[in-house]
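Participant: Build me a model from this:
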Amino acid sequence: MMLNIYEYRGDEAEAKGIGIFDPSCEDEQSVLMATLASFYLYRRAAHYTFTHRRRRNFYSLPRAQQDILKTIGFQPTLDKIDECIERNATFAEALLKSGCDSFGIDVTTAEQWKHLADSGDMDKARSTLKQFMRDWSAEGAQERHECYGPILDAIDRLFGRLKPRCDARVLVPGAGLGRLAFEICRQGYACEGNEFSYHQLVASNFVLNNTTKADEFTIHPFCLSFSHHRSRGNQLRAITIPDVYPAAELNKPLEFEVPEGAHRRPAIYRYRPSQYFSMSAGEFVESYNNPGAKDTFDCVVTCFFIDTARNLLDYLETISNVLVTEGAWVNYGPLLWHWEGADATENKDGDAGRKNEVKSFEAVESGVEDAEAPQLPPGSNLDASASHTHTHAHSHDSDQPHTHPHNHSHSSEENAHSHANNGPEWRGSLEFTLEEVVQLARLYGFEFLEQKTGKTGYIEDERCMGRYIYEPEFWIAKKTDNVSEVVKTSLRSRYAGEEEGEGDASKETTAGEGNLEDEGEAKDGSGSSSFRLSSPSPSFLRHSSATNPTTKQTQWGVTPPISQALPTDQEVKINNELIEELKAMNSFESAEESQKRVDVLKRLQKITEEFVRQVYTSKGQNELATNSAGGKVFTYGSYRLGVVGPGSDIDTLVVAPKLVTREDFFTFYPPLLKALNKPNEPLIIEELAPVPDAFVPIIKFVMHGISIDLIFCRLGVTKVPPDMTLEDKNLLRGLDEKELRSLNGTRVTDEILTLVPVPAVFKHALRAIKIWAKCKAIYGNVYGFPGGVAWAMLVARICQLYPAAVSAVIVSKFFRILGQWTWPQPVLLKAIEDGPLNVRVWNPRLYPSDKNHLMPIITPAYPSMCSTHNITPSTKAVILGEMAKAADIVDRIITGGGSWKQLFERHSFFTKDYKYYLAVNASAKEEEASVKWSGLVESKIRHLVMKLEMCNDVIASARPYVKPFEKVQYCKDEEEARKIANGEKIENPPAAEAANSATGETAGEVPAGDKKEGVPVWITTFYIGVELVPGWTGSVNITWPAREFYQMCHGWEGYDEEMHCVKLDLKKNFALPDECFDFGKGDVKPSRPVVKKKVIRKVASSVEVSQGGTKRTHEENQTTNEFSRRCKTNEGEHAGPGPRLESWSAICKKRKNIFSPATTHNIDQNFYYHKLAIPHCHPHLLADYSDLDWLISE
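Facilitator: Below you'll find the model as predicted:
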């Protein structure tokens, strides 16, 4: 019998691995570079993290214990581990060079991009090296036999009789380092591996294409694992890799004799397996769940893979899609669902989860909160905000068995698309039992031919004391046409949607997705053994905010710009006028003032270093550790943004190493500041006020005349060098919420400047908006208005929408767009991103409290937070009202009908806006105590406002004024000082040294020669404008808000009832003190209305005085209680358990008695309860004065 010989030649020489890499895609590049950087940094990171740390621990022991450890050779052991690390690092650098060569990157430039690798990348690099032990060493043979053996045996049983075997095409998703795909191909089958992780892709490329012989490299896979070892020899043992030479094995020719058939002569088919071996890079579902991949494989092999699915239905649909009818699905693995507990609204971190990925809020059905809708300017197209993010290459380091006991080399995608129902942004997780998995597979038409349970480890050290043994499930399932109707309906719906969308590529690209050119990875068996990266789908790329590939225009932020029109001559003219007006208002700081700030910051840096040294010394640290600990001062806010003006404060952050606590900061730092003041010399530090209980704990003080707001954060590092930056997200590890808020100030400020098209335009526009907000008294985070950073983010968002506009146009658009914004839709400068930490990220779908934010402005730095969580309904209404008025003014300016001076006119808070004001007086007997106490009370004003707003049946709005008024009142003796501090009225009150009446700012230290004689009392007054519900007449009871406010103030740990006092006092607008008005700028104080007095008939006689035993006339009460018409209350409202007070009888005719059943019946005397005075108004006034709309009763 004569045989015809057919030889499949393919490429004679092994082709080098060439990856398809698009350098124009910034995010794609950064992810790859981070992977390569992790191999580059392996050497120094391993030494520092594993051996240097243990040496420090060793030398921190008492000398006697060091001597004990020396007897067992502990120090030489660390030297041996260092030698193992060096060998591993040599291998890691070989991976680095191979990866750089494959992607055309100059390896000598690695130092320039090493910073891209974070701790997650380093963990994956170490895990990848350990995985070589399992997949490509002789020591891993047993585990491979347990895991891969059943699969290879099943493939042989299914397709072994094919002649030639290369007619059977096998797909291995999650191929990892490629060993399973290599073994399948080695047996003669055409095999394609699919992988998504760059760490795995670089490593598999190296071993398959860049090794030159077996046992070429030596590594120590367990040298960095320090637990469960029986001996150091086991820990440090070496293995050689690869155990086989892949190129040689895949190029060994195979022969298959094909017998004679009905229409075929007998023949011998000869080919090399390398001709039928390929690797594709991409997320599994995106790569293969499309019409082009339908019916292309005879077998799909999933090994330790299906539990990497976020949505198993996507995997089942994809496997069914690629398999031919009667094709086989071979599975082996457990069900350790990788994304267990993930929320569909959250984006989990992965290879590039930290790389500026885009995640917009999806459009939601009606009835869901507006805050969950995508952020769009008014009138914008919703489709423009859609975006896709696929960023995760999954790999768990098995050095951390308590987190995840196994490390899947067959890594999965970050996000499996749900084409059927869930949409491309679905990022949740659905977990199923084995029984349910089988049921679902049957719905998709799979018939289970064989099923059994096995046992295996996964990258386990077989010699260690602690091994994790799995009982994976093995099955062979055949694809049939017996698909359930519900699945058929789902598939028809998806394919119909794809056909409709094929002609509209702009939607995809508008969403910010890049597009790799499809290199046409051959699936017909004609490929070579080379390692090829195919382009599976647009979603393989991460979104880049730099360019929009459809329009080729610059895009800043999460949506395309509204307009990129260049400024007109008129707009340039108006802009110049704006700059001149800002200069005329003295909003720019002189060079001398700027240098003064620099000098102050340098001095703070020295104080910070001394502060850290003192803390280390107090905790018994040695001299070397103390002197090297460091400490650094960072700035944030207006100063860091470059928009500081004369008189502005400097927001500063002290960063210290992990040994220094927040308690240390408030214990050691204030004394260091006080020590700068020397006797008989001008004061350097003034108004020092630590506020440790604030939302962001802070120390406020004035240094050389410059206000400083100093916050603190400790990092989980042993030293803070002078060149430290805060960009690395891993610095956030281990921080509590207050530390996160502190650290994010600097990180947010830096991020803002990178997210605006033209920083100069942004800064001028921001300067104008800040001045406007201050002029309108709507600037101040502590009072419930946006702070400096929040206003900056709003301006930055408008700059993103009009990237080519001048500052004047930005200001104009600012008021129109944000005044009409559909709040609580959030304002985002970039997509909310996840990071490596288990920290809270703003998400109204997940956290109920986030849904309560009325005007959410979200910080761009991870973890994203709402910078305007404290805005109340009243302050929101004021902000929007002022924006509407400003929009009309600026419109007139732009058209030439107005001037910028009109925009910056002074507010009318005290002159026109309100009829009633609630004054909050915080007093103390000492100046230093007053600074701390007033700061504490100030931090509670917003809470009082919110509680007043809850009386919404009577109170329409309550708006705090954003600056306190300070004065010093001198009393003739201690008793008078006590009465004034307690809010009691005295005859002939002494004069006071008041604050600046024009600005409301503190007048400063009173010169020694000008100080009055007597006992001083320091009083700080805050005002809240109160608007009643339209048409309301009668009394208003705010007992509960007052009591709650007192409780908050008195709950301060530094509260001293002999030193501190807080009092609420109701005032009509005409009774406001002169300090509230700037008469030099045209303020006109409201005048008292003329009220026609009613005739009082026999009212006084009906009131019996219980304590004095006498009656009081109307006139007497006017004399003894001159403020009774205002019906003030003070801190005396009882706030806790105690004796019940007797009740006043109802004396009002035709008026409801608003007193509670248990109140006092004192008339003109003060009832002392817990040593706190409770003055009450005379009941005659309650009945006889129609202008008394308020009553604050207990």
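
Participant: and the end-to-end length of stretch 1069-1081?
Facilitator: End-to-end distance of stretch 1069-1081 (CA to CA, to the nearest Å): 19 Å.

Participant: Check the offset of it from the chain's centre.
Facilitator: Averaging C-alpha coordinates over stretch 1069-1081 and over its chain gives two centres that are 43 Å apart (CA atoms, centre = their mean, to the nearest Å).

Participant: Name the residues of it that come out as buried.
Facilitator: By neighbour count on 16 or more other CB atoms under 10 Å, the buried set for stretch 1069-1081 is 1069, 1071-1073, 1075-1078. Heads up, the C-betas are built off the backbone N, CA and C, glycines and all.

Participant: In contact with residue 802, which residues?
Facilitator: 561-564, 809-810, 813 (CB atoms under 8 Å, 6 or more residues apart in numbering).

Participant: For the residue nearest to residue 1087 when sequence neighbours are not counted, report the pLDDT, please.
Facilitator: Nearest non-adjacent residue to residue 1087, counting by CB to CB, 6 or more residues apart in numbering: residue 1070, 5.7 Å away. The model reports residue 1070 with a pLDDT of 91.

Participant: Would you confirm that residue 1070 contacts residue 1088?
Facilitator: Yes: here residue 1070 reaches residue 1088: they are 4.1 Å apart, a contact under CB atoms under 8 Å.

Participant: any idea whether residue 889 is helix, strand or coil?
Facilitator: helix (DSSP: H, G, I helix; E, B strand; the rest coil).

Participant: what's the neighbour count on it?
Facilitator: 20 (other CB atoms under 10 Å).

Participant: Verify the contact between it and residue 904 for me.
Facilitator: No: using CB under 8 Å, residue 889 is not in contact with residue 904; the gap is 9.7 Å.

Participant: Helices along the stretch 501-650 of the chain, start to end?
Facilitator: All helices of the stretch 501-650 of the chain, identified by DSSP state H, counting those that start in this stretch, fall at 505-510, 569-584, 591-618, 623-628, 637-641.

Participant: quick one: contacts for residue 625?
Facilitator: Residue 625 sits next to 616, 718 when contact means CB under 8 Å, 6+ apart.

Participant: again, only using 10 Å
Facilitator: Counting by CB atoms under 10 Å, 6 or more residues apart in numbering, residue 625 touches 56, 60, 616, 619, 657, 659, 718-719.

Participant: Equivalent analysis for residue 889, please.
Facilitator: Neighbours of residue 889 in contact, by CB under 10 Å, 6+ apart: 772, 812, 815, 897-900, 902-905.

Participant: ok, it to residue 764 distance?
Facilitator: With distances taken as CB to CB, to the nearest Å, residue 889 is found 18 Å from residue 764.

Participant: Repeat that for residue 791.
Facilitator: Relative to residue 764, residue 791 is positioned 14 Å away (CB to CB).

Participant: Return every residue with contacts to both of those two.
Facilitator: The contact lists of residue 791 and residue 764 share residue 643, where a contact means CB under 10 Å, 6+ apart.

Participant: can you count the residues close to residue 659?
Facilitator: 18.

Participant: Mind telling me which residue is nearest the centre of the protein?
Facilitator: Closest to where the C-alpha atoms of the chain average out (CA atoms, centre = their mean) is residue 863, at 1.5 Å.

Participant: host element of it?
Facilitator: Under DSSP states H and E, no helix or strand contains residue 863.

Participant: Now it: phi and psi?
Facilitator: Here is the backbone geometry of residue 863 (degrees, to the nearest 10): phi -80, psi 130.

Participant: re earlier: which one of the helices of the stretch 501-650 of the chain lies closest to residue 913?
Facilitator: Shortest distance between residue 913 and the helices of the stretch 501-650 of the chain, using CB to CB, is found for helix 569-584: 24.9 Å.

Participant: Next, the contact list for residue 138, please.
Facilitator: 214-215, 239-244.

Participant: distance of it from residue 709?
Facilitator: Noted for residue 138: a distance of 63 Å to residue 709, by CB to CB.

Participant: before we move on, what about residue 1037?
Facilitator: 37 Å.

Participant: Low-confidence stretches in the stretch 501-650 of the chain?
Facilitator: Applying pLDDT under 70 to the stretch 501-650 of the chain flags residues 501-554.

Participant: isn't residue 1032 right up against residue 956?
Facilitator: Yes: using CB atoms under 10 Å, residue 1032 is in contact with residue 956, at 8.4 Å.

Participant: Can you pull the phi and psi angles for residue 1060?
Facilitator: Here the main-chain torsion angles of residue 1060 (degrees, to the nearest 10) amount to phi -110, psi 150.

Participant: My guess is it contacts residue 1017. True?
Facilitator: No: using CB under 10 Å, residue 1060 is not in contact with residue 1017, being 11.1 Å away.

Participant: Overlap of the contact sets of the two?
Facilitator: Both residue 1060 and residue 1017 are contacted by 923-926, 930, 981, under the criterion CB under 10 Å, 6+ apart.

Participant: min pLDDT across those, which one?
Facilitator: Least confident entry in these, by pLDDT: residue 981, with 70.

Participant: who touches it in this structure?
Facilitator: The contact partners of residue 981, by CB under 10 Å, 6+ apart, come to 921, 923-925, 969, 971, 1017-1019, 1058-1063.

Participant: I'd like the distance from stretch 164-174 to the chain centre, please.
Facilitator: Counting by CA atoms, centre = their mean, stretch 164-174 comes out at 45 Å from the chain centroid.

Participant: Where does pLDDT dip in the stretch 801-950 of the chain?
Facilitator: If you take pLDDT under 70 as the line, the stretch 801-950 of the chain has these spans: 836.

Participant: Counting by contacts, list what the helix or strand residue 157 falls within packs against.
Facilitator: Secondary structure assigned from DSSP H and E places residue 157 in helix 141-159. Counting contacts by 3 or more CB pairs under 10 Å, 6 or more residues apart in numbering; DSSP states H and E, helix 141-159 is packed against helix 119-136, strand 169-173, helix 179-186, strand 297-303, strand 323-333, strand 446-453, strand 473-479.

Participant: now these in JSON lines, with distance to residue 604, mean pLDDT and mean neighbour count?
Facilitator: JSON lines is the format used below for the helices and strands packed on helix 141-159 (distance: least, CB to CB, whole Å; pLDDT from 0 to 100; neighbours: other CB atoms under 10 Å):
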{"stretch": "helix 119-136", "distance to residue 604": "30", "mean pLDDT": "91", "mean neighbour count": "24"}
{"stretch": "strand 169-173", "distance to residue 604": "56", "mean pLDDT": "95", "mean neighbour count": "28"}
{"stretch": "helix 179-186", "distance to residue 604": "58", "mean pLDDT": "94", "mean neighbour count": "26"}
{"stretch": "strand 297-303", "distance to residue 604": "58", "mean pLDDT": "96", "mean neighbour count": "25"}
{"stretch": "strand 323-333", "distance to residue 604": "57", "mean pLDDT": "95", "mean neighbour count": "21"}
{"stretch": "strand 446-453", "distance to residue 604": "65", "mean pLDDT": "94", "mean neighbour count": "14"}
{"stretch": "strand 473-479", "distance to residue 604": "62", "mean pLDDT": "95", "mean neighbour count": "21"}
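
Participant: Cool, thanks, talk later.
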